[in-house]
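Student: sequence isn't available, so here's the structure alone:
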């Protein structure tokens, strides 16, 4: 079968070239096809191109769109080189064992001589086969002229060499300059039939020389039957020179300012380029635009700087450098100027810096003194001295910064809704320093007095306030350091294999309740915690509970206007009444403590975002379980024990009372502490035998620190009396 592919591009008449070359494509003309840009003078459709440069946008064999010059796909158009890359079929003949003849697929190409020709520098005639003789001819209507030939032969597959195209299985020859018509002829007179066993086909094609690499599989397989090859064609406006074209201004195609005419290197003809320093389309008015060479990589030799001008750029030496005397354009250091300038700058900088440091120190000192006065520091200092308050210190800003290594993030041990807590060392003692976020402007002057009140809090289950720093915009508090982390981490981040007994949980709950009861009933004035949660209950080396962040309400605004932004609380612990009224009461702490009891009973998070919305809230799930009498489903497996169910149910009932939606119907923290004390005794002495402190259960091998203080005459003091006694003694 013979397949002939023909490309005929209509040659324009010379009288029409002038009008067409000056025409500018309309804005509606397609700018690309199949991902290939279409620069003018090429175009698709009426009035979109110069005559002779009409293209089409058709579908390829694979169904996608492609740009075509006649029947040949265009892969790229290069304006500056006057070149186009096209896709061309391969001509071949294959021996047919049945017919004992060759099956042919041949092609020929006729480019419009007025605008196109094959690039003789980049293209090669390429022949592949083991008994192949090829002649390349330039055909015309009257006769054929010989353009070149090539012979490729081989005796066996073993003689073939990948990458070599020197005659063994592959040969290449140059294309004559000015070629625009090509046809391949196979000469079978010298064919050797011995090669048919491994090479039945001969191939002829045009290839881009540097991009083609021979492979032995081209001989032994039909791989090339399914492929096309790329070729470079030169294009030009007319087949006249620049000198001739410029004589007729009306037909001259280089119409943009800052454009130049370039003679084609492959024969007669010209194309256009933008002048040096410009880029764009020279075939359109205003198409050549200035290139800002300085906006990309610096074209100047370091350290020279680049300055852009219209159509050109300049390299200049920066301050301290000068041009070399060898006219190379490079810069050299101007040592005299640099040394003198540097010396002046150093002296001036030293004077300015010294003045600035003195000024800033004075300014900082004034600011620190201002903050100190605003926060009631002077009043607090006088009170400490006159009342001989021991154990409470007013630290300077410098002391706190040194203790925390200038608030290094490595020293952060906790984040809260109202601030960040850092670990530090003050006076050879490990401390926890809370850097608060906000302070109520209305309470600034009372802050010192409030610190004095908080410093008197002396309870073994409350973290001791050691001092404060008032020389900052928002005061910082200094607490004793509690080493064993928080109850939250103890419950929810247990070490694998470890267990927390019911006795331990009751002990922590009772001690925490005693601490809150002390704040509510024994402190003067009463202190409402405002952010009761397991993260604010710390555990010391003996796992004794210590409530932290007490007095947070003293540092936070309480008006309704600022509630939304400043009352942080913690989701899952907040009292529903508090959310609605913005009014903090002792019963708000009771509600939050009830949630902590649930954590101790269930070891579940108070809010679980990994479950459906209706099951996220631990308190809601608990109240539903109590109502449906399914509380055992929520309990931590570690404490499920038939012998302890009575104790657990009493704790659950207490938690239910604490979680009452109405604050007035909740018990007080004193009542909660007393009830937990009773439940602990029930757990320790289930048969009602006489209670002896020395028989209490040990915690992790350490002696348990109970909250009950016995007196040989009066049994045990009330919590209120003990707290007052602690304040009076100044422990």
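Tutor: Ah, there it is. Values in this document were obtained by computation on a predicted structure and should not be read as measured data.
Student: ramachandran angles for the closest residue to residue 449 other than its chain neighbours?
Tutor: Closest residue in space to residue 449, ignoring its immediate chain neighbours: residue 376 at 6.2 Å, by Cβ to Cβ, 6 or more residues apart in numbering. Heads up, the C-betas are built off the backbone N, CA and C, glycines and all. Dihedral pair for residue 376: phi 70, psi 30, per degrees, to the nearest 10.
Student: so what's the residue count around residue 376?
Tutor: When counting by other Cβ atoms under 10 Å, one arrives at 22 neighbours for residue 376.
Student: got it, and residue 542?
Tutor: Using other Cβ under 10 Å as the criterion, residue 542 is surrounded by 13 other residues.
Student: swap in residue 380?
Tutor: If you count neighbours by other Cβ under 10 Å, residue 380 ends up with 23.
Student: need the pLDDT of it.
Tutor: pLDDT, residue 380: 82.
Student: does the residue nearest to residue 449 touch residue 453 like I think?
Tutor: No. The criterion here is Cβ atoms under 8 Å, and residue 376 misses it with residue 453 at 11.9 Å.
Student: quick revisit: tell me the pLDDT at the residue nearest to residue 449?
Tutor: Reported pLDDT at residue 376 in the predicted model: 80.
Student: how about residue 678?
Tutor: Note on residue 678: pLDDT of 95.
Student: so who does the residue lying closest to residue 192 once chain neighbours are set aside touch?
Tutor: What sits nearest to residue 192 in space, not counting adjacent residues and going by Cβ to Cβ, 6+ apart, is residue 131, at 4.3 Å. Residue 131 sits next to 153, 190, 191, 192, 195, 199, 202 when contact means Cβ atoms under 8 Å, 6 or more residues apart in numbering.
Student: again with residue 588
Tutor: So residue 588 contacts 528, 530, 575, 577, 578, 663 (Cβ under 8 Å, 6+ apart).
Student: let's see that with 7 Å instead.
Tutor: 528, 575, 578 (Cβ atoms under 7 Å, 6 or more residues apart in numbering).
Student: which among those gets closest to residue 354?
Tutor: Comparing the contacts of residue 588 against residue 354 with Cβ to Cβ places residue 528 closest, at 51.7 Å.
Student: count of residues packed around the closest one?
Tutor: 22.
Student: how about the secondary structure of the closest residue to residue 677 other than its chain neighbours?
Tutor: Residue nearest to residue 677 in three dimensions, not counting chain neighbours: residue 510, with 5.9 Å by Cβ to Cβ, 6+ apart. The three-state label given to residue 510 by DSSP: H, G, I helix; E, B strand; the rest coil is helix.
Student: show me where pLDDT drops low in the chain?
Tutor: 1-26, 139-144, 325, 388-389, 416-417, 439-445, 495-497, 551-569, 685-731 (pLDDT under 70).
Student: for it, longest helix please?
Tutor: Assignment by DSSP state H gives helix 335-374 as the longest helix of the chain.
Student: rewinding a little: taking the contacts of residue 588 one by one, which sit in helices?
Tutor: Going by DSSP H, the helices hold residue 578 from the contacts of residue 588.
Student: for the contacts of residue 588, give me JSON lines that also has distance to residue 339.
Tutor: What follows is the contacts of residue 588, written out as JSON lines (distance: Cβ to Cβ, whole Å):
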{"residue": "528", "distance to residue 339": "70"}
{"residue": "575", "distance to residue 339": "73"}
{"residue": "578", "distance to residue 339": "71"}
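Student: state whether residue 59 and residue 67 are indeed in contact, as I suppose.
Tutor: No. Under the criterion of Cβ atoms under 7 Å, residue 59 is not in contact with residue 67, lying 11.5 Å apart.
Student: more neighbours: which of these two?
Tutor: Neighbour tally, residue 59 and residue 67, criterion other Cβ under 10 Å: the higher count belongs to residue 67, 26 against 11.
Student: next helix or strand past the helix or strand where residue 595 lies?
Tutor: Secondary-structure element containing residue 595, defined by DSSP states H and E: helix 586-602. Going down the chain from helix 586-602, the next helix or strand is helix 618-627, by DSSP H and E.
Student: what angle sits between that next one and helix 586-602?
Tutor: Orientation note: helix 618-627 sits at an angle of 70 degrees relative to helix 586-602 (axes from the mean of the first three to the mean of the last three Cα atoms, to 10 degrees).
Student: what's helix 618-627 packed up against?
Tutor: Helices and strands touching helix 618-627, by 3 or more Cβ pairs under 7 Å, 6 or more residues apart in numbering; DSSP states H and E, are helix 586-602, helix 645-658.
Student: for the next helix or strand after the shortest one, packing partners?
Tutor: By that I understand helix 645-658. Counting by DSSP H and E, the element after helix 645-658 in chain order, helix or strand, is helix 669-684. If you count contacts as 3+ Cβ pairs under 7 Å, 6+ apart, helix 669-684 packs onto helix 502-517, helix 586-602, helix 645-658.
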